[in-house]
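A.B. asks: Need a 3D model of the sequence below.
(chains A and B)
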2 protein chains.
Amino acid sequence: MRNIKIILEYDGSNYFGWQRQKHGATVQNKLEEAIGSLTKEKIEVIGCSRTDSGVHAKGYVANFITNSTIPGEKFKDAINTRLPEDILITFSEEVSDDFHARYSSKGKMYSYTIRNNSMPTVIGRNYFYNVKEELDVEAMINGAKYFIGTHDFKAFQNKGGSVKTSVRTITQLDFDIKDDIIKIYVSGDGFLYNMVRIIVGTLILVGRNKLKPCDVEKIISDGIRQKAGKCSPASGLCLEKVFY
Amino acid sequence: MRNIKIILEYDGSNYFGWQRQKHGATVQNKLEEAIGSLTKEKIEVIGCSRTDSGVHAKGYVANFITNSTIPGEKFKDAINTRLPEDILITFSEEVSDDFHARYSSKGKMYSYTIRNNSMPTVIGRNYFYNVKEELDVEAMINGAKYFIGTHDFKAFQNKGGSVKTSVRTITQLDFDIKDDIIKIYVSGDGFLYNMVRIIVGTLILVGRNKLKPCDVEKIISDGIRQKAGKCSPASGLCLEKVFY
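C.D. replies: Next comes the predicted model:
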């Protein structure tokens, strides 16, 4: 038995997220079908994380166990020919038995893309969240600082997760601004259900001057979901990297 | 009878182009259905140009005749609520009887987006053409100069058009480069069938050093389609503006 690690990109627009479902296309389903048709086995692909419907990934990591004799690095092209055009494997290699895409992960980096423009657009609409109100990016950057560090993020999770503790460490929260595009990169040791999208929804309230930057500190310490911002749409979210 | 002009954006990824078809979704079909359901008339929408399957538009212009009493500028929102999410009217107004989206047009500006990266990506794939080979953009800019002016562009059309002359005037051919994205803007008084995409295909050959910049001059004067480059994919093309 061999353990194969893959890194993949996907455009989540047309999927019900990562996780296998009986009805409706998911990325896991598509991968398991593609790899299974290649190796003639029943393949179970282990993913680094569930992603929700409409969320994208550039550096998603997964692994699977196979008896196939295909060299590890050759899986990439062999699987790609069997995948739809919105999923692309960018790397494959054989790894040791103990590698597990989810349990071995030490952290992740997500990006969230906001288009800040009073005129909405249809071009690229699946890859950002359009905010019509003018955003004060300086205020957002100041508010973002309060997220850095180890905190109980229970105000920043939606129901649906299954975790023992809501304490997480955010190591980085950076902004990249080009014209009307505000891209926010968030890195941490792990994320609660919808955590990045709620952080972004809260920062948008800061950018719209509905909250002061320093209010973020109190929202974290109060730990009440309703005090944080809305869960911003899935379209803006992209899993960029997984750290091991 | 009133004449209403509209400006619209559309994401062409899921359409068989602009032109009405009996089978298969087109932008014209969707607009005529939306406006017809609003005004309770059988509406014929006149478009500024046919666009091919997969081609996008940011500033497409159309007009239609109606007996509706809705104020011209109110059509925008009223129609938008009846359109799918990949078509958006950005402007509407009542215009004089003699305005015709196609015949009144004095010129157009298109953009073509190349992603120049050895690693393909699925994110945004419907909005660019990925060229893996490194492109010499300086050479492309030099080659582009030969297109400017009034020429017989018969080497730069595919079969399928129905025009009397292949003489056209290109007034502008500009490059906008950001990271791995090369955006080419082409303006002219009119374009032959697939002309922008063949111009871009030819410039890509220049960028790959398969042609010298000055070869463009001879390809134009020879007027032989086979000497020009391939018709680059529809995904990169976007109708930006129509001039009246």
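
A.B. asks: List the buried residues of stretch A:99-116.
C.D. replies: Under the neighbour-count criterion of 16 or more other Cβ atoms under 10 Å in any protein chain shown, stretch A:99-116 has A:99, A:101, A:104-105, A:107-116 buried. To be clear about C-beta, it is placed using only N, CA and C from the backbone, and glycine gets the same treatment.

A.B. asks: Looking at these, which two lie furthest apart in space?
C.D. replies: A:99 and A:116 (40.3 Å; Cβ to Cβ).

A.B. asks: and stretch A:57-76, average pLDDT?
C.D. replies: The average pLDDT for stretch A:57-76 rounds to 98.

A.B. asks: what comes up buried for it?
C.D. replies: For stretch A:57-76, the neighbour count (16+ other Cβ under 10 Å) marks A:57-64, A:66, A:68, A:70, A:72, A:75-76 as buried.

A.B. asks: Would you tell me whether it gets close to chain B?
C.D. replies: Yes - applying Cβ under 8 Å from any Cβ of the partner chain, one finds stretch A:57-76 touching chain B at residue A:58.

A.B. asks: Just the C-alphas of that stretch, formatted as CSV.
C.D. replies: Below are the C-alpha coordinates for stretch A:57-76, written out as CSV (Å, rounded to 0.1, in the frame of the first residue of the first chain):
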residue,chain,number,x,y,z
ALA,A,57,-8.8,26.5,-3.3
LYS,A,58,-5.4,27.2,-4.8
GLY,A,59,-3.3,25.0,-2.5
TYR,A,60,-5.7,22.3,-1.2
VAL,A,61,-3.9,19.2,0.1
ALA,A,62,-5.2,15.7,0.1
ASN,A,63,-3.9,12.1,0.2
PHE,A,64,-5.0,8.7,-0.7
ILE,A,65,-3.9,5.1,-0.3
THR,A,66,-3.4,3.0,-3.4
ASN,A,67,-1.9,-0.3,-4.6
SER,A,68,-1.2,1.3,-8.0
THR,A,69,2.5,1.2,-9.2
ILE,A,70,2.3,4.6,-10.9
PRO,A,71,5.2,6.7,-9.7
GLY,A,72,4.1,9.3,-7.2
GLU,A,73,4.9,12.4,-9.4
LYS,A,74,3.1,10.9,-12.4
PHE,A,75,-0.3,10.8,-10.6
LYS,A,76,-0.6,14.5,-11.3
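
A.B. asks: Please parse chain A into its domains.
C.D. replies: Using automatic domain parsing, the domain parsing of chain A gives A:2-95, A:107-243.

A.B. asks: Residue A:131 and residue A:177, how far apart?
C.D. replies: Distance of residue A:131 to residue A:177, given as Cβ to Cβ, to the nearest Å: 13 Å.

A.B. asks: same check, this time on residue A:171
C.D. replies: The gap separating residue A:171 from residue A:177 is 21 Å, by Cβ to Cβ.

A.B. asks: One more: residue A:7?
C.D. replies: Residue A:7 sits 28 Å away from residue A:177, taking Cβ to Cβ as the criterion.

A.B. asks: Would you point out the most distant pair within the buried residues of stretch A:57-76?
C.D. replies: Of all pairs in those, the most separated under Cβ to Cβ is A:58 and A:68 at 26.4 Å.

A.B. asks: phi, psi of residue A:211?
C.D. replies: The phi and psi values for residue A:211, taken as degrees, to the nearest 10, are phi -130, psi 150.

A.B. asks: let me fix that: residue A:217
C.D. replies: Per degrees, to the nearest 10, the backbone of residue A:217 is at phi -60, psi -50.

A.B. asks: Setting aside sequence neighbours, what's the nearest residue to it?
C.D. replies: Among residues not flanking residue A:217 along the chain, residue A:146 sits closest, at 4.5 Å (Cβ to Cβ, 6 or more residues apart in numbering or on different chains).

A.B. asks: and what of residue A:59?
C.D. replies: Using Cβ to Cβ, 6+ apart, the nearest residue to residue A:59 is residue A:241, at 4.4 Å.

A.B. asks: burial count for that neighbour?
C.D. replies: Residue A:241: 17 surrounding residues under other Cβ atoms under 10 Å in any protein chain shown.

A.B. asks: Residue A:173 in helix, strand or coil?
C.D. replies: Using DSSP: H, G, I helix; E, B strand; the rest coil, the structure places residue A:173 in strand.

A.B. asks: List the residues that contact the closest residue to it other than its chain neighbours.
C.D. replies: Nearest in space to residue A:173, with sequence neighbours left out and distances taken as Cβ to Cβ, 6+ apart, is residue A:144 at 4.5 Å. Counting by Cβ atoms under 8 Å, 6 or more residues apart in numbering or on different chains, residue A:144 touches A:173, A:175, A:184, A:203, A:216.

A.B. asks: I figured the last one was touching residue A:146, is that so?
C.D. replies: Yes - applying Cβ atoms under 8 Å, one finds residue A:216 in contact with residue A:146, separated by 4.0 Å.
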